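Chemist: Take this sequence and fold it.
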Amino acid sequence: MFGLVSTVLAQSPAGSSAPTTIDISSPGAGFDTLAGYGIGQIASWLITMALVVAGIVFFFMLVVGGIRWILSGGDKANTEGARNQITAALIGLIIVFSAWAIATLLNTAFGVNILNLEIPGVGS
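Modeler: Below you'll find the predicted structure:
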């Protein structure tokens, strides 16, 4: 499958005029640049992405629940199902934003920034 495309040209870093070439024909090629990232940075990125994805999912559920309510046509069962979906989406949004607010409060009050996590080394 990789025989058709052996290299991929990526955007060059700022200040460099030569294109960056990554060989995708061998497994793991191009991942050597990830060596500079620690577990803390990866964990903070995952936490941030989880908050963003959860917020988007719950907002989408809220919109779909609203559309279901509009399209229910006055049917009591469909209206109740749409209302329950909207309630669940609002509760989910409240939980996501509360988690973000608690992380911000921890950063402000104690200096612990979970969204920019740094795990100290053993000798530190």
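
Chemist: for the closest residue in space to Gly66 that isn't next to it in sequence, helix, strand, or coil?
Modeler: Counting by Cβ to Cβ, 6 or more residues apart in numbering, Ile86 is the residue found nearest to Gly66 once chain neighbours are left out, at 6.5 Å. Where C-beta positions appear, they are placed from N, C-alpha and C, glycine not excepted. Assigned with DSSP: H, G, I helix; E, B strand; the rest coil, Ile86 falls in the helix class.

Chemist: Tally up the residues packed near Ile86, please.
Modeler: Using other Cβ atoms under 10 Å, Ile86 has 18 other residues around it.

Chemist: Could you do Ala89 as well?
Modeler: 20.

Chemist: which residues does it contact?
Modeler: 58-59, 61-62, 65 (Cβ atoms under 8 Å, 6 or more residues apart in numbering).

Chemist: By neighbour count, sort out the buried ones in these.
Modeler: Among the contacts of Ala89, those classed as buried by 16 or more other Cβ atoms under 10 Å are 58, 61-62, 65.

Chemist: isn't Ile47 right next to Ile102, touching?
Modeler: No - Ile47 is not in contact with Ile102 according to Cβ atoms under 8 Å; the separation is 11.9 Å.
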